[in-house]
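>>> Fold the following, please.
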Amino acid sequence: MGHILAQSDPTNWLDTSSLSEVDKKRCLAAAARTHESLPNVIRRLGLLSDQVIAERLAEAHALPLITNTDFEPTDPVPGKLLHAFLRGNQLCPVRQSAEGLIVAMADPQNRAALDGIALAINANVIPAIASLTDIKAALARYFEQDEPSDRANAELSASSADEEHLRDLASEAPMVHLVNDLIAKAAEARASDIHIEPYRDHLRIRYRIDGVLQETKAPSAASARLIVSRIKIIGGLDIAERRRPQDGRARVNINGRPLDLRIATAPNIHGEGVVIRLLEDRDSDVRLNDLGLSAHEETILQSRLAEPYGLILVVGPTGGGKTTTLAGAISQLNQPGRKVVSIEDPVEYQIDGITQIAVNPAIGLTFASALRSVLRHDPDVIVVGELRDAETAEIAVNAALTGHLVLATLHANTAAAAPARLIDMGVDPSLLRSTLKLVIAQRLVRLLCSKCKNKPLKKAKCQTCNGAGYAGRSGLFEIIDMNDGLIALIQPGAAAPDFERAAKQAGFTSLIDDGRAKIKAGLTDEAEIWRVLGTRAGNGS
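Numbering: from 1, shown residues only. Now for the predicted structure:
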């Protein structure tokens, strides 16, 4: 048992290939560098059509040329040859003959693969040549239930592809469509993030919708590497680097909807995980009375926004809605008599009439450097997307001290913890006492679905919330309006609990108090407040 394929020089067919001497040398050099076969190199470089390559190989190796009509309608040796093996080696069984199984090859130098087939079927193998296009079409017909991504990944694994080959596979139509569909479905579901997580024997894909991760149908684990590679290509990342985390960004158009993507990869024991943040273009139609503030809280914020200078802080965790609150405040301040400059990372709301600057640390445009530059442009109001380091915080506080109204976000768990957080960052307490006017802490909670919350309708049947029981989100707020007693507490070593006790005596309403009010109003429920705050909002606490 075996096959009939004479030994030959893999380069001899180039003499009849119609390639120029320059292109021949180019192909030979590329093949030596990437360890690809010459036919694959020529296909990748686009120097000859797939059909011409097949004709030249058949002529040079004195082998029959198989066309698409020669293949059997179904697999002639069902269950005996693995699809991954055939796809990866660019082979396809054609039909049984008296002498043995005729097998079409895209590269006649792949003798070892023919030996493997002969061993697997326990019969002779008769080699022939076919175009790679016809081989792929026949395989797709034989194994039509297999996923396109599985087939491409099998080729990748079997051929030990280099970076260029990996890029080619990830750029093929099936993988492009798969990833585009993944992003499109996330956008349609109002997801803020896509999580792609490979495991030993499966791939998990989850969408974060209204702050909660929800699992969705995922392709097979064999697709993981190509999906990650495709996403890296979109984000301009290095697809060959799989040992270190990478960050990238891209702007795409999915079904007519422009989206900004923030892409982060990280290696794990089963490959690479990816998180994609979806940022849809959003206009300036954010009003303060849409945020979920109580009438009293909105009045306090309005009065502080009307002041000519000072520092207003919005604090909370990532994803807590701070940017949306700032957008509402900016829209309130956006008047012809004021110059408002905003420094953001990224720019999520595009507001006409506001000078918006997107930071870019890769070119040295940080929050601190942008803020220093902004001060030379005669602003009335400065918005800082995040006080993330001592230098930025110090510049912002000094800007508030010198006649500017400064709005900024800060990572702190509660409003009472914000002054101590800034002091820990190195801000002079005396300067903070002179500038801090208002601190807003916030979270986002899911709202009960308006379609099914008051109806004897099973959640699973509700198309609005897809069975979740919640649709849309609103803010939970606590606001500390600074008075003389609170200002006096801004001292080195001051503890947040002392500040909070004094704020409560001044009428401060906490996040949990706001949660209880929203439960009473029928907007959300105790389970959601418990999920977000880790505190029961009923009678117990």
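
>>> Any stretches of the stretch 151-300 of the chain with poor pLDDT?
By pLDDT under 70, the low-scoring segments of the stretch 151-300 of the chain are 151-170, 172, 255-256, 281-285.

>>> Likewise for the chain?
Filtered on pLDDT under 70, the chain yields the residue ranges 1-17, 34, 45-46, 145-170, 172, 255-256, 281-285, 456-461, 535-541.

>>> Ala130 touches Ala106, doesn't it?
Yes. Counting by CB atoms under 8 Å, Ala130 does reach Ala106; the two are 6.8 Å apart. C-beta here means a position set from N, CA and C on the backbone, and glycine is covered the same way.

>>> Compare those two (neighbour count), which wins?
Ala130 (31 against 25; other CB atoms under 10 Å).

>>> Count the residues that sit near the closest residue to that one other than its chain neighbours.
Nearest non-adjacent residue to Ala130, counting by CB to CB, 6 or more residues apart in numbering: Ala104, 3.6 Å away. By the measure other CB under 10 Å, the count of residues near Ala104 is 29.

>>> Please tell me how far Ala104 sits from Ala495.
Distance from Ala104 to Ala495, counting by CB to CB, to the nearest Å: 78 Å.

>>> Same question for Thr392.
25 Å.

>>> and those two? which has more neighbours close in?
Neighbour count, other CB under 10 Å: between Thr392 and Ala495, Thr392 has more, with 23 against 13.

>>> Now do the same contact list for that one.
Residues counted as contacts of Thr392 (CB atoms under 8 Å, 6 or more residues apart in numbering) are Thr366, Phe367, Ala368, Leu371, Val384, Glu386.

>>> ok, of those, which one's closest to His411?
Of all these, His411 sits closest to Glu386, with 7.6 Å by CB to CB.

>>> At which residues are the strands of the stretch 401-541 of the chain located?
Under the criterion DSSP state E, counting those that start in this stretch, strands of the stretch 401-541 of the chain are mapped to 405-410, 436-448, 470-481.

>>> dump the residue contacts of the residue nearest to Gly211 when sequence neighbours are not counted.
Nearest residue to Gly211 in three dimensions, chain neighbours excluded: Leu444, at 5.8 Å (CB to CB, 6+ apart). Neighbouring residues of Leu444 by CB under 8 Å, 6+ apart: Asp210, Gly211, Gly319, Gly320, Gly321, Arg473, Ser474, Gly475, Leu476, Val532.

>>> Mark which of those are buried, thanks.
With burial judged by 16 or more other CB atoms under 10 Å, the buried subset of those is Asp210, Gly211, Gly320, Gly321, Arg473, Ser474, Gly475, Leu476, Val532.

>>> Please work out how many residues are found near the closest residue to the first one other than its chain neighbours.
What that stands for is Asp210. Leaving aside its sequence neighbours, Asp210 sits nearest to Arg446 (CB to CB, 6+ apart; 4.8 Å). Neighbour count of Arg446, defined by other CB under 10 Å: 24.

>>> doesn't Glu528 make contact with Arg446?
Yes. Arg446 is in contact with Glu528 according to CB under 8 Å; the separation is 5.3 Å.

>>> So for the two, which residues contact both of them?
The contact sets of Arg446 and Glu528 overlap at Tyr470 (CB under 8 Å, 6+ apart).

>>> how about the strands of the stretch 51-200 of the chain, start to end?
Going by DSSP E, counting those that start in this stretch, the stretch 51-200 of the chain shows strands at 65-66, 91-96, 101-105, 125-130, 191-198.

>>> Can you add distance to Leu511 and give those strands back as TSV?
Formatted as TSV, the strands of the stretch 51-200 of the chain follow (distance: least, CB to CB, whole Å):
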stretch	distance to Leu511
strand 65-66	71
strand 91-96	64
strand 101-105	68
strand 125-130	68
strand 191-198	21
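
>>> Packed most tightly, which of those would that be?
Mean neighbours per residue, mean count of other CB atoms under 10 Å, is largest over those for strand 101-105, with a mean of 26.

>>> Each with direction, which strands does it pair with?
strand 91-96 (antiparallel), strand 125-130 (parallel) (DSSP bridges).

>>> Can you name the residues in contact with it?
Here strand 101-105 has contacts from 3, 66, 71, 76-77, 90-96, 114, 117, 121, 123-130, 134-135, 138, using CB under 8 Å, 6+ apart.

>>> Next one: Ala130 from Pro64, what distance?
Distance, Ala130 to Pro64, using CB to CB: 9 Å.

>>> residue ranges of the helices in the stretch 301-450 of the chain, please?
Residue ranges of the helices in the stretch 301-450 of the chain, as given by DSSP state H, counting those that start in this stretch, are 322-333, 367-374, 390-401, 418-424, 429-435.

>>> Rebuild those as CSV, extending it with distance to Lys455.
Output for the helices of the stretch 301-450 of the chain, formatted as CSV (distance: least, CB to CB, whole Å):
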stretch, distance to Lys455
helix 322-333, 30
helix 367-374, 48
helix 390-401, 49
helix 418-424, 42
helix 429-435, 51
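
>>> Of all these, which one comes closest to Gly292?
Judging the helices of the stretch 301-450 of the chain by CB to CB, what sits closest to Gly292 is helix 322-333, at 9.5 Å.

>>> Now the closest one: buried residues?
Lys322, Thr323, Thr324, Thr325, Leu326, Ala327, Gly328, Ala329, Ile330, Ser331, Leu333.

>>> Between these, which sits nearest Ala222?
Proximity of these to Ala222 (CB to CB) peaks at Thr323, which lies at 38.3 Å.

>>> Name the nearest residue to that closest one, sequence neighbours excluded.
Distance criterion CB to CB, 6+ apart; nearest residue to Thr323, sequence neighbours excluded, is Glu348 at 5.4 Å.

>>> what angle sits between the longest helix anywhere in the chain and strand 191-198?
Across the chain, the longest stretch assigned as helix under DSSP state H is helix 173-188. Angle between the axes of helix 173-188 and strand 191-198 is 140 degrees (criterion: axes from the mean of the first three to the mean of the last three CA atoms, to 10 degrees).

>>> what packs against helix 173-188?
Counting contacts by 3 or more CB pairs under 8 Å, 6 or more residues apart in numbering; DSSP states H and E, helix 173-188 is packed against helix 148-158, strand 191-198, strand 203-209, helix 224-235, strand 246-254, strand 257-268, strand 271-280.

>>> Tell me what angle it forms with strand 203-209.
Using the same axes, to 10 degrees: helix 173-188 against strand 203-209 is 30 degrees.

>>> Identify whichever of the helices of the stretch 301-450 of the chain lies nearest to Cys465.
helix 322-333 (21.0 Å).

>>> Which strands or helices does the closest one pack on?
Here helix 322-333 touches helix 295-305, strand 310-315, strand 340-344, strand 381-384, strand 405-410, strand 436-448, going by 3+ CB pairs under 8 Å, 6+ apart.

>>> Give me the number of neighbouring residues for Gly79.
Applying other CB under 10 Å, we find 6 residues neighbouring Gly79.

>>> same thing with Ala32?
Neighbour count of Ala32, defined by other CB under 10 Å: 10.

>>> in the helix or strand harbouring it, what counts as buried?
Using DSSP states H and E, Ala32 falls within helix 21-34. Residues Asp23, Lys24, Arg26, Cys27, Ala30, Ala31, Thr34 are the ones in helix 21-34 that count as buried (16+ other CB under 10 Å).

>>> if I pick the closest residue to the first one other than its chain neighbours, what's in contact with it?
Looking back up the chat, that one is Asp23. Take Asp23 and drop its neighbours on the chain: the residue closest to it by CB to CB, 6+ apart is Leu47, 5.5 Å away. By CB under 8 Å, 6+ apart, the contact set of Leu47 is Leu19, Asp23, Cys27.

>>> Leu47 - that's part of a strand, no?
No. Under DSSP: H, G, I helix; E, B strand; the rest coil, Leu47 sits outside any strand and is assigned coil.

>>> if I look at it, how far off is Ile135?
Leu47 is 20 Å from Ile135, by CB to CB.
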